[in-house]
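> coordinates only, sequence not included:
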């Protein structure tokens, strides 16, 4: 039975009494939904995937918090807790370092959620914004890599507490750098910042830490506790290579846009005479795919530190990854489960010859 007349409107048969209801309004809604899907685009699809990942990450963090409180065996937090309890400066380590780090971590996770939502908003433009998502992706990546670094369960407890202390000291000393940047207007705050730095240095020295000064006073190059030395400055590039070895290229792309590198801008943005080398579809795939990789890294860190079950999260992320890559026509390369996918190292090659081939546009491909 025909459902439309030649002019595209619902046919008279759709009003036939045999249906018992006027289906014209329903047919109109179906047509509207089909039109909406045609306008959806890869950017809008990627945005929805990012938002779904944000929601699942919130649940993951709740579960990790509950698991961490149980001090499960063979986890980073249990080893850290045992070590701190036996340390002569346990009170300071618990209150001054570990407790402060929990608050900082909560704030960082909130910032990650904020940045990820901003990425989704930009992806929703379906190609009208191409460079900015990479800048935000880089910021998101650095925050998550720092969390992976601090909560690396393979690190000895003394090194973990050293990393927490290093981040705390970096933040306090950073206040002075910020105040000095304001010149005369920041002079008063610079004085207070120096006082806070001296106080923090004193606490650390009194509680088993050794500080190694930077070339400029009063800044610190590194610190050590129980023979484990940590740099104050965080090396995000090295962290990406350690915690996302097969996806470190994401950091390079983000850095390329953030620092306006010519090789990256030429790939993203057209000029009056030349076309961009990258399509909006590829941008959506790269940015959303990077978000999923970062989510995986955070989940693995949460599992190692707290013992929380994260298989459900990794499996869902991988299905989303397959959905994202389906836009490229290279979907078959991910026809493995999340466990097999995670085993792929930096030298893994797909049928096109290299890891990033799925993000290359064939000469005849459209946006």
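Nice, I can see it. A quick note: this is a predicted structure, and the numbers were derived from the prediction, not measured. Numbering: from 1, shown residues only.
> so residue 277, which of the three states?
Assigned with DSSP: H, G, I helix; E, B strand; the rest coil, residue 277 falls in the coil class.
> ok, it - how many residues close by?
Burial of residue 277 is recorded as 14 neighbouring residues (other C-beta atoms under 10 Å). Placement of C-beta: from N, CA and C, glycine included.
> go ahead and confirm it touches residue 264.
No: with contacts counted by C-beta atoms under 8 Å, residue 277 stays clear of residue 264, the gap being 10.0 Å.
> any low-confidence regions in this structure?
1-40, 328-367 (pLDDT under 70).
> at 50 instead, please
1-24, 26-27, 29-38, 352-367 (pLDDT under 50).
> all helices for it, in order.
Using DSSP state H, the helices of the chain run over residues 24-69, 76-85, 90-92, 99-123, 132-150, 157-181, 187-206, 236-243, 249-258, 262-268, 280-306, 311-325, 338-342.
> give me every residue that touches the residue lying closest to residue 151 once chain neighbours are set aside.
The shortest distance from residue 151 to any non-neighbouring residue, by C-beta to C-beta, 6 or more residues apart in numbering, is to residue 305 (4.2 Å). The contact partners of residue 305, by C-beta atoms under 8 Å, 6 or more residues apart in numbering, come to 64, 68, 75, 76, 77, 151, 153.
> need the residues you listed in a markdown table (columns: distance to residue 141 and neighbour count).
Below are the contacts of residue 305 laid out as a markdown table (distance: C-beta to C-beta, whole Å; neighbours: other C-beta atoms under 10 Å):
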| residue | distance to residue 141 | neighbour count |
| --- | --- | --- |
| 64 | 20 | 23 |
| 68 | 24 | 21 |
| 75 | 25 | 20 |
| 76 | 21 | 23 |
| 77 | 24 | 23 |
| 151 | 16 | 25 |
| 153 | 20 | 20 |
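> got a markdown table for those residues, with distance to residue 44 too?
Output for the contacts of residue 305, formatted as a markdown table (distance: C-beta to C-beta, whole Å):
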| residue | distance to residue 44 |
| --- | --- |
| 64 | 30 |
| 68 | 36 |
| 75 | 39 |
| 76 | 39 |
| 77 | 39 |
| 151 | 34 |
| 153 | 38 |
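> rewinding a little: look up how far residue 76 lies from the residue nearest to residue 151.
Distance from residue 305 to residue 76, counting by C-beta to C-beta, to the nearest Å: 4 Å.
> common neighbours of the two, please.
151, 153.
> count the neighbours of the closest residue to residue 78 other than its chain neighbours for me.
Leaving aside its sequence neighbours, residue 78 sits nearest to residue 71 (C-beta to C-beta, 6+ apart; 4.6 Å). Residue 71 has 15 neighbours, counted by other C-beta under 10 Å.
> my guess is residue 71 contacts residue 80. True?
No: Residue 71 is beyond contact range of residue 80, at 9.7 Å (criterion: C-beta under 8 Å).
> give me the neighbour count for the spatially closest residue to residue 80 that is not a sequence neighbour.
The shortest distance from residue 80 to any non-neighbouring residue, by C-beta to C-beta, 6+ apart, is to residue 157 (4.5 Å). By the measure other C-beta under 10 Å, the count of residues near residue 157 is 22.
> just residue 128 next, same as before
The burial count for residue 128: 9, using other C-beta under 10 Å.
> same thing with the one 5 residues further on?
Residue 133 is surrounded by 29 other residues when neighbours are defined as other C-beta under 10 Å.
> now it: how far from residue 143?
16 Å.
> what does residue 99 give?
Between residue 99 and residue 143 the computed distance is 20 Å (C-beta to C-beta).
> equivalent analysis for residue 217, please.
According to C-beta to C-beta, residue 217 stands 30 Å off from residue 143.
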